[in-house]
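Undergrad: Below are the sequence and a predicted model for it; my questions follow.
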Number of protein chains: 2
Amino acid sequence: MSAQTSVSYTTKRTLCAQATRCLNPDNINPHVKEAKYAVRGELAVKAEEYRVKLAQGDKSLPFDSVIFANIGNPQQLDQKPITFFRQVLSLLENPLLLNNPEALRTSFGYEQDVIDRAKVLLADVQSVGAYSHSQGAPVIRNSVAKFIEGRDGFPANPSDLFLCAGASSGVNTILNVICNGPQAGVLVPIPQYPLYTATLSLLNAQCVPYLLEEEKAWGTDVNAIRASLEKAKSNGTDVRSIVVINPGNPTGASLGADDIKSVLDIAAEEKLVVIADEVYQTNVFEGEFTSFKKRLRQLQQEQPGKYDNVELVSLHSVSKGMVGECGHRGGYFELVGFDPEVAAQIYKLVSIGLCPPVIGQCLLEMMVNPPKEGSPSHEVYQKEYNGIRDGLHQRALALYDAFQKMEGVECQKPQVCYVVFKLTRSQPTSVANINIFTQGAMYLFPTITLPPKAVEAAAEEKRAADEFYCLRLLDATGVCVVPGSGFGQKENTLHFRTTFLAPGTDWVERIVKFHAEFMAKYK
Amino acid sequence: MSAQTSVSYTTKRTLCAQATRCLNPDNINPHVKEAKYAVRGELAVKAEEYRVKLAQGDKSLPFDSVIFANIGNPQQLDQKPITFFRQVLSLLENPLLLNNPEALRTSFGYEQDVIDRAKVLLADVQSVGAYSHSQGAPVIRNSVAKFIEGRDGFPANPSDLFLCAGASSGVNTILNVICNGPQAGVLVPIPQYPLYTATLSLLNAQCVPYLLEEEKAWGTDVNAIRASLEKAKSNGTDVRSIVVINPGNPTGASLGADDIKSVLDIAAEEKLVVIADEVYQTNVFEGEFTSFKKRLRQLQQEQPGKYDNVELVSLHSVSKGMVGECGHRGGYFELVGFDPEVAAQIYKLVSIGLCPPVIGQCLLEMMVNPPKEGSPSHEVYQKEYNGIRDGLHQRALALYDAFQKMEGVECQKPQVCYVVFKLTRSQPTSVANINIFTQGAMYLFPTITLPPKAVEAAAEEKRAADEFYCLRLLDATGVCVVPGSGFGQKENTLHFRTTFLAPGTDWVERIVKFHAEFMAKYK
């Protein structure tokens, strides 16, 4: 508990006594109030209201379905879970099923490796209803360590691994430890997933933004990072960490070995903790994903000394990739190069929350250790995994075709499963231009250029122009997307983020039709 | 993001540059460092190390098993999960099982109500792998609202309910909103579950302790609350909230209707948000549990006006009671009397973490809506539920018998399933005295009186005397308990908390034998 202070007590108490309740929006934790999280903000709430209305048979809306394109939630749409994972989880939830393996096989097609895996996991966790070790069950951390070793070709230590309730929870933990006061700063890419800015707001720390280069496929520009860093330092900010989202959210940009080295160089020189958000690591279909851990270990071998003291946190999750098991809240982070006493403090911090959900931990184990070639479940697993990947690819192509048929829309042929769109009005009077970057991601992040009248109309509602646009889009079409202002964007640019997961192309046509009408109305 | 400040940047940066890494124990978030959480602290870590050693065949330890009596984790010990719950969860994890209901029935004994429940829940959540609404799935919140209505006889609104990843996560959310600066204070009972002090440390807010009365069965003393409140106010603390753990952890004390009224009186007069931690509500076997919500609604009817603006948060969990599903991380909190704009801020805050684990939400639904009388699974459910309750009762009696047979130990016959022990040395030279309070709880919280030489030996190791005692206990017996200092205790008293869940009485004998030897050594 901190030392008491007498500052402003009287004023605050008076305010409280005058109000009818203790808590009102003006006297709650101001940092909660400052935090912004548009992914589930006003638009998402309104979309949910529309969904309920439609489900209740309301015919007054100008659309017959709500498209939740605001959040990467594959199983809310039509993505089926991977059978092997769910078969094992069913046995973990009801181990009594293991008493009749014959019926599991004959009536439900459970293979022996499903049964074996369930037994291994149960032997470790005892029951998925029991608290596990606060860092996660030991056998599961062993599997994650082996996965990392296989991916990177460098050793990983289970005691450096912390399983968590999705990567979000891990980010929260790490930022809590790093941010040691209002002068502490963290470099965050713009645009970014708003978890970062929201958490920094909650912690009353400084977000030090560095702009990604839209014109270079949302690349990471080392000079931009250095410039932001120097500016923040000259303003008195103690920059302690840099966040890299690789592949990027919402941008989809994927970093090559040289880009990663550049970031690690800055980290080594400036003593910055690198937070590598690598939850989209299997969403790279062009080239190969390189982890920050792998690159760091390579550099440590190549140039002994220089990178020895780099501190890296690498995060992964069961929510994205071909797994898409968001609702299970599973994930992990690995600490690399941390002071053991700091790691002990991180352990204490996570122990206050007891443990991450145990069934989510078990799912993570299977994600990092799926059925091997030759095992009975392997063929179906591989077929399903590829099917999800190919399905997404086909969806990208279908979307591409839909855009091709629309007037004034241009785009390059998608070469990857996930694509990033850049949507710009090429001429003041025409409709949108669309360019596709050939990178990895799960989202589209189009640029929109709105007429001055639309910007004025937005200002009258005291809204950002892109937020205004997205609200009108939802009202007119039922398509829920997130305004670019929710992710941060370069001054004088406007965007929105839409996921790529909703089936069909009808909803894309709804967007394009709306866009044309909107532009006509405000031109 | 907060305003930038130039305070102490240079000093901090210099410190950082001199260190080999950015982060060291002296420059991380000081509030993380200050937070204490003994339930999973040094003792628990050491106990886990011993467990691993034993599992690896190490014969050097003076015991052959580790008893984890430090945490209420029933399924880690021998408590079996309730079959209905786990059958439904297995279907939610693998809905393909629903394609062969006949085999489910004949080979695995799944009744129709199991299948029906799974279908209802799946219709609401779509997939347990999808993110739900950030407050929790609508159908599940409806069930929780009905449960509260049935329990209290007063309406509950699903939109006031927030499902969470165990009550711990809910407490964290609420304290985050209430604590608006270093002057903010929260009244916390002492002894308490250390989640509260730890979270207040993290938030850099003031813990305003009020002592429970050990001599009155750990009762809540209104005068003690008022005295603490006045003292804190005079020190400049803005006391905003009061925590009540009912039934108590670690004390097991249960509040009657009058006690609850006294707390609500103070809350109404002083405009305090009441945080009612009611996770042990089904662990009351003597008399009846009264919820704060029910009492508040009664008082609002009886004395219109006076209690209208009381703000209450009531928490519940799937981890305790006869359910004991800690690893699933399920729970909820209900907001009563909150400003809707404050509730909206709470929604935003929880939305940053996306949603609580969906499978844990489904388990919560079944806890609050178990098979009804007449439904096919009801009989087995009721039998299992009563079996767990009776098993705990028998364990209490067996423990009582074991204590009875030990020299110098006295105790009253336990009249309830869970009992609270008071263990004191009646004479400086004798061994322990034990008194049982007839209340509800899940833990024992004995007082220990240690000889001056033991206190000195502890001081030499820079440890609290009870921590010293508990470490020696672990080293000698393999029994892991938590020192009373981890929960807070009255000056010049020492305690430890042990759960009541470990099977057998051998471990109790280990404690008593150790105690006698310890006392002899330091007398």
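TA: Good, I have the coordinates.
Undergrad: For stretch A:375-384, list every residue counted as buried.
TA: Across stretch A:375-384, burial judged by 16 or more other C-beta atoms under 10 Å in any protein chain shown covers A:S375, A:P376, A:S377, A:H378, A:V380, A:Y381, A:E384. Backbone N, C-alpha and C define where each C-beta goes, glycine included.
Undergrad: Report the separation between A:V171 and chain B.
TA: Applying C-beta to the nearest C-beta, to the nearest Å, the value for A:V171 to chain B is 10 Å.
Undergrad: That residue: neighbouring residues, count only.
TA: 25 (other C-beta atoms under 10 Å in any protein chain shown).
Undergrad: cool, A:K523 as well?
TA: 11.
Undergrad: Kindly report the same for A:R295.
TA: 23.
Undergrad: with the buried residues of stretch A:375-384 in mind, which one is nearest to B:N157?
TA: A:E384 (41.4 Å; C-beta to C-beta).
Undergrad: any idea which helix or strand carries the closest one?
TA: Using DSSP states H and E, the element containing A:E384 is helix A:378-404.
Undergrad: cool, and A:C207?
TA: strand A:206-211.
Undergrad: Show the average pLDDT along that strand.
TA: Mean per-residue pLDDT for strand A:206-211: 93.
Undergrad: and what of stretch A:142-161?
TA: pLDDT averaged over stretch A:142-161 gives 97.
Undergrad: re the thing from before, could you spell out the sheet neighbours of the strand holding A:C207, each with its direction?
TA: strand A:184-190 (parallel) (DSSP bridges).
Undergrad: Which SSE is immediately downstream of the strand it pairs with?
TA: Immediately after strand A:184-190, counting by DSSP H and E, sits helix A:195-202.
Undergrad: Now that following helix - C-alpha only, PDB.
TA: Only the C-alpha atoms of helix A:195-202 are listed here, as PDB (Å, rounded to 0.1, in the frame of the first residue of the first chain):
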ATOM      1  CA  LEU A 195      -5.400  -2.800 -26.700                       C
ATOM      2  CA  TYR A 196      -2.000  -1.100 -26.500                       C
ATOM      3  CA  THR A 197      -3.200   2.500 -26.300                       C
ATOM      4  CA  ALA A 198      -6.000   1.500 -24.000                       C
ATOM      5  CA  THR A 199      -3.800  -0.300 -21.600                       C
ATOM      6  CA  LEU A 200      -1.200   2.600 -21.600                       C
ATOM      7  CA  SER A 201      -4.100   4.900 -20.800                       C
ATOM      8  CA  LEU A 202      -5.200   2.700 -17.900                       C
END
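Undergrad: hmm, that helix touching chain B?
TA: Yes: legend: contact between helix A:195-202 and chain B by C-beta under 8 Å from any C-beta of the partner chain is shown at A:L195, A:T197, A:A198, A:T199, A:L200, A:S201, A:L202.
Undergrad: got the CA coordinates for the strand holding A:C207 in CSV?
TA: Output in CSV follows, covering the C-alpha atoms of strand A:206-211 (Å, rounded to 0.1, in the frame of the first residue of the first chain):
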residue,chain,number,x,y,z
GLN,A,206,2.9,7.6,-22.4
CYS,A,207,2.0,6.2,-25.8
VAL,A,208,4.9,7.2,-28.1
PRO,A,209,3.4,6.6,-31.5
TYR,A,210,5.5,5.8,-34.6
LEU,A,211,3.8,5.9,-37.9
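Undergrad: For the helix or strand that comes right after that strand, what does the pLDDT average out to?
TA: Reading on from strand A:206-211 to the C-terminus, the next helix or strand found by DSSP H and E is helix A:222-234. Per-residue pLDDT over helix A:222-234 has a mean of 94.
Undergrad: from the chain's centre, how far out does helix A:222-234 sit?
TA: 25 Å (C-alpha atoms, centre = their mean, to the nearest Å).
Undergrad: What of stretch A:158-176?
TA: 14 Å.
Undergrad: A:P182 and A:L200 touch, don't they?
TA: No: taking contacts as C-beta atoms under 8 Å, A:P182 lies outside contact range of A:L200: 10.8 Å.
Undergrad: Give me the more crowded residue out of these two.
TA: In this view A:P182 and A:L200 are compared by other C-beta under 10 Å, and A:L200 has more residues nearby, 26 against 17.
Undergrad: Quick one: residues contacting the more buried one.
TA: A:L175, A:C179, A:V186, A:V188, A:Q206, A:C207, B:M1 (C-beta atoms under 8 Å, 6 or more residues apart in numbering or on different chains).
Undergrad: Give the helix, strand or coil label for the closest residue to the third one other than its chain neighbours.
TA: Right, the one you point to is A:V186. Excluding the flanking residues, the one nearest A:V186 by C-beta to C-beta, 6 or more residues apart in numbering or on different chains is A:S241, at 4.5 Å. Look at A:S241: counting by DSSP: H, G, I helix; E, B strand; the rest coil, its state is strand.
Undergrad: A:S241: neighbouring residues, count only.
TA: 26.
Undergrad: Report the separation between it and B:I448.
TA: Per C-beta to C-beta, to the nearest Å, A:S241 is found 45 Å from B:I448.
Undergrad: cool, and A:Y193?
TA: A:Y193 is 51 Å from B:I448, by C-beta to C-beta.
Undergrad: who's more crowded, these two?
TA: Neighbours were counted for A:Y193 and for B:I448 using other C-beta under 10 Å; A:Y193 has more, 28 against 22.
Undergrad: burial count for the nearest residue to the more buried one once chain neighbours are set aside?
TA: Using C-beta to C-beta, 6+ apart and skipping the chain neighbours, the partner closest in space to A:Y193 is A:N249 (4.5 Å). Close neighbours of A:N249, defined as other C-beta under 10 Å, add up to 26.
Undergrad: How about A:N94?
TA: Under the neighbour criterion other C-beta under 10 Å, A:N94 is assigned a count of 24.
Undergrad: next one: A:S65
TA: 17.
Undergrad: got a list of what the nearest residue to it once chain neighbours are set aside touches?
TA: Leaving aside its chain neighbours, A:S65 sits nearest to A:G478 (5.9 Å; criterion: C-beta to C-beta, 6+ apart). Contact analysis of A:G478 by C-beta under 8 Å, 6+ apart lists A:A47, A:Y50, A:L61, A:F63, A:D64, A:S65, A:V66, A:I67, A:R510.
Undergrad: what's the overlap in contacts for A:P182 and A:L200?
TA: In contact with both A:P182 and A:L200: A:Q206, using C-beta under 8 Å, 6+ apart.
Undergrad: OK, now which residue of the stretch 151-300 of chain A is nearest to chain B?
TA: A:G236 (3.2 Å; C-beta to the nearest C-beta).
Undergrad: Hmm, A:Q183 and that residue touching each other?
TA: Yes: applying C-beta under 8 Å, one finds A:G236 in contact with A:Q183, separated by 6.3 Å.
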